[in-house]
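Trainee: Please find the sequence and the predicted model below.
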Amino acid sequence: MFRALFSILDTIKSDKNLTMWVLCTINGILEDQRSHVNQIIHNQKSMSKHVDAIGILYRFLQDQLIEENVDKCELAAHSLSIIIQAHKNASITEMQNSLDFMTWLLEDNNKKLVSDKCRTACLVQLMKNNKLAYIFVEKRNGFHKLQGWLVDCIKNKQDQLAYNTLAILWIVSFHDFSLEYFRDFKLMILENVSKVLDYYNKEKIVRVTLMLFESLMNDKECMD
């Protein structure tokens, strides 16, 4: 079934209603039961039944610069992030597509195609890949993006954006390469994280904030 869906998405792009249905179906199946992603990964790796789901979804997103359909972009981006997160031992081409997708998410000129809520939700998935997390932090000015989203959450109440941003910070906090950014008083990451609690009292936001602080407890400079 997945082979047929991705084949349609890759070859019949001109039928806007059909591509929307395909994207909704793929995303719905993955959301209904995340273990279904294993079948997509199996097809991604298979020699006889190979389906380049990562490449197809990324190419689809690139094509949307013309159509500019936000719903389609967010469905494709969400599904793609789930697949990348679940795919271990990616080939060089697959990893490059994953890196290109992350860069695409971070580009400001794509704001019209995906909301900040969607971008951060996708990054929550991507940060579970250690290589992508490193590149996000060290090569893509990731902490400056996160700082911008934190400030936005403080100025404009956005529960899901706040949760996603805090979740990203929590995930990358387990990597030593991220600590210098948490320590950087000019970035004001931890100061703004604390401010978030002044504006939000939802249980999941409080919980992930406390998890972040717990992760950083052993770093004296962060706690200072």
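Mentor: The structure has been received and is ready for your questions.

Trainee: Walk me through the domains of the protein.
Mentor: Annotated domains of the chain cover 1-128, 141-224 [automatic domain parsing].

Trainee: export those to CSV and tack on mean pLDDT?
Mentor: Below are the domains of the chain laid out as CSV (pLDDT from 0 to 100):
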stretch, mean pLDDT
domain 1-128, 89
domain 141-224, 93
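
Trainee: With distance to I135 and mean neighbour count as new columns, can these be given to me in TSV?
Mentor: C-beta: built from backbone N, CA, C; applies to glycine. Shown next, in TSV, are these (distance: least, C-beta to C-beta, whole Å; neighbours: other C-beta atoms under 10 Å):
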stretch	distance to I135	mean neighbour count
domain 1-128	6	17
domain 141-224	8	17
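
Trainee: Which helix or strand contains the nearest residue to H42 once chain neighbours are set aside?
Mentor: Leaving out its chain neighbours, the residue that sits closest to H42 by C-beta to C-beta, 6 or more residues apart in numbering is K49, at 7.9 Å. Under the criterion of DSSP states H and E, K49 resides outside all helices and strands.

Trainee: show me what contacts K49?
Mentor: Neighbour list for K49: 3, 42-43 [criterion: C-beta atoms under 8 Å, 6 or more residues apart in numbering].

Trainee: quick one: which of the residues you listed is nearest D176?
Mentor: H42 (34.1 Å; C-beta to C-beta).

Trainee: phi, psi of that closest one?
Mentor: Phi and psi for H42, reported as degrees, to the nearest 10, are phi -60, psi -50.

Trainee: now K157
Mentor: phi -60, psi 110.

Trainee: Is it in contact with N201, as I believe?
Mentor: No. With contact defined as C-beta atoms under 8 Å, K157 does not reach N201; the gap is 11.2 Å.

Trainee: what about the helices in the chain?
Mentor: 2-11, 16-32, 37-45, 53-67, 70-86, 92-106, 116-126, 130-138, 142-155, 159-172, 179-183, 189-199, 203-216, 220-223 (DSSP state H).

Trainee: Let me know the angle separating the second one from helix 37-45.
Mentor: In terms of direction (axes from the mean of the first three to the mean of the last three C-alpha atoms, to 10 degrees), helix 16-32 departs from helix 37-45 by 120 degrees.

Trainee: what helices or strands is helix 16-32 leaning on?
Mentor: helix 2-11, helix 70-86 (3 or more C-beta pairs under 8 Å, 6 or more residues apart in numbering; DSSP states H and E).

Trainee: quick one: which of these is nearest V124?
Mentor: Nearest to V124, of the helices and strands packed on helix 16-32 and by C-beta to C-beta, is helix 70-86 at 8.0 Å.
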